[in-house]
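# Just need the structure, nothing else, for what follows:
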Amino acid sequence: MRQKRVILVSLPSLVLFLFFFSYIYFNAFLRSSLLANSSKNTIKLANNINSTTQSKFSIFIGILTRPDNYNHRHFLRLVYGIQSSPIADIDVKFVFCNLTKPEQRVLVSLEILRFNDIVILNCLENMNNGKTYSYFSSLPKILSKRYDYVMKADDDVFIRLKPLSLSLQHLPRVDLYYGFVIPCKSMNPHVEYMSGMGFLLSWDIVEWIGRSEIPRTETVGPEDKLVGKWLKIGGKGQNRFSDKPRMYDYPGTNGRCSHELIPETVAVHRLKKWHQWFHVLDFFNLTRGVTDSKLYHF
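Residues are numbered from 1 along each chain as shown. A predicted model of the protein is given here:
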């Protein structure tokens, strides 16, 4: 009788002990599971961030112009300064040869101090006497970092930076020659060469131009055509892409190289007059970021 009483008295204590044991064990298990999941999520998030960071590429755009074009440079700074790309780091610089006038040294120095977007090559200002060669061959020595791509552009072309980067996103990062192939009617990028409106080379080709004898001895003549000749002789630029019809000349300015403005545009060339620039900027609604303010009204 006494033994049964002991069992009856101990049973509630046993139940209570099992309850607390289960509670503690369950909490420990839950806590470890949450920590494990949290670690997995953290690692997954970090991998996603690293993947996004690693997928970003870089473009150097050199706009070949002349030292005296102060007003036009200031205008282009507005045009390119409000553009960006989510998938590429893009640096836009203005490129010309040595300064020759006292006023240039003063005014260009002010630009450098204020904007830091000037590249002055060691050459005499010219169109078809080696400026393009000086540009490409100098970059590996004067730039503080390497870029995936280097572009040579005219100062009468409007480049849309986001569409440009999107068109390059899945292209090779080596041995690349990209632009608007000449002649105008051709769709085959391997036929001739890329128009000077704006063509792009991968960094390895830029380095090759800097060290090869082929371009060094072929610098006089139509420079964009010469670039095509260099690459053909040297067996470079096997990955060639012509981005037609998204690159073109302004409507009505250059026969079959021209067509009407299209939403998918990467670059529009031959913008020689202000009304052409205004038409293009309005078509692509470049001022859409302007918000209401008490400081101005339209």
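
# for the closest residue to residue 65 other than its chain neighbours, what are its contacts?
Nearest non-adjacent residue to residue 65, counting by C-beta to C-beta, 6 or more residues apart in numbering: residue 155, 4.2 Å away. For the C-beta atoms, the positions are set from N, CA and C on the backbone; glycine is no exception. Going by C-beta atoms under 8 Å, 6 or more residues apart in numbering, residue 155 touches 63, 64, 65, 69, 72, 73, 76, 94.

# Share the number of residues neighbouring the fourth one, please.
Look at residue 69: counted by other C-beta atoms under 10 Å, it has 15 neighbours.

# Generate a ChimeraX selection restricted to the buried subset of the contacts of residue 155.
The ChimeraX command for the buried members of the contacts of residue 155 (criterion: 16 or more other C-beta atoms under 10 Å) is given here:
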select :63,64,65,72,73,76,94
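
# So which of the contacts of residue 155 are in strands?
Those of the contacts of residue 155 mapping onto strands are 63, 64, 94, per DSSP state E.

# would CSV of those residues with distance to residue 137 and pLDDT be doable?
Converted to CSV, the ones in strands among the contacts of residue 155 look like this (distance: C-beta to C-beta, whole Å; pLDDT from 0 to 100):
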residue, distance to residue 137, pLDDT
63, 18, 98
64, 14, 98
94, 18, 98
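
# any idea which of these is the one closest to residue 295?
Taking C-beta to C-beta as the measure, residue 295 lies nearest residue 94 of the ones in strands among the contacts of residue 155, at 30.0 Å.

# show me what contacts that closest one?
Contact partners of residue 94, counting by C-beta under 8 Å, 6+ apart, are 62, 63, 65, 73, 76, 117, 118, 119, 155.

# For those, work out which two are farthest apart.
Maximum distance among the contacts of residue 94 (C-beta to C-beta): 14.2 Å, for 76 and 119.

# Show the low-confidence segments of the stretch 1-150 of the chain, by residue range.
Residue ranges of the stretch 1-150 of the chain with pLDDT under 70: 1-54.

# which residues of it fall in helices?
2-55, 70-81, 102-115, 131-142 (DSSP state H, counting those that start in this stretch).

# With the stretch 151-298 of the chain instead?
Using DSSP H, counting those that start in this stretch, helices in the stretch 151-298 of the chain cover 161-168, 203-211, 213-216, 223-234, 274-283.

# give me phi/psi at residue 128?
Here is the backbone geometry of residue 128 (degrees, to the nearest 10): phi -130, psi 40.

# gap between it and residue 201?
Residue 128 sits 19 Å away from residue 201, taking C-beta to C-beta, to the nearest Å as the criterion.

# the more surrounded of the two?
When residue 128 and residue 201 are compared on other C-beta under 10 Å, the one with more neighbours turns out to be residue 201, at 25 against 14.

# Do I have it right that the more buried one meets residue 148?
No. With contacts counted by C-beta atoms under 8 Å, residue 201 stays clear of residue 148, the gap being 10.5 Å.

# and residue 240, how many residues sit next to it?
Neighbours around residue 240, by other C-beta under 10 Å: 19.

# Check residue 174 too.
Counted with other C-beta under 10 Å, residues neighbouring residue 174 total 11.

# Now do the contacts for it.
202, 204, 239 are the contacts of residue 174 under C-beta under 8 Å, 6+ apart.

# what is the mean pLDDT for stretch 242-253?
Here stretch 242-253 scores 98 as its mean pLDDT.

# still on that earlier bit, looking at the contacts of residue 174, which has the most residues close by?
For those, the largest number of neighbours (other C-beta under 10 Å) sits with residue 202, at 24 neighbours.

# what about that one, distance to residue 292?
Residue 202 is 44 Å from residue 292, by C-beta to C-beta.

# What of residue 85?
Counting by C-beta to C-beta, the gap from residue 85 to residue 292 is 27 Å.

# Looking at these two, which is more packed in?
Shown here are residue 85 and residue 292; by other C-beta under 10 Å, residue 85 has more neighbours (19 against 8).

# wait, doesn't that one sit right on residue 161?
Yes. Between residue 85 and residue 161 there is a contact under C-beta under 8 Å: 5.3 Å.

# Check which residues of stretch 144-155 are buried.
Buried residues in stretch 144-155 (16+ other C-beta under 10 Å): 147, 148, 149, 150, 151, 152, 153, 154, 155.
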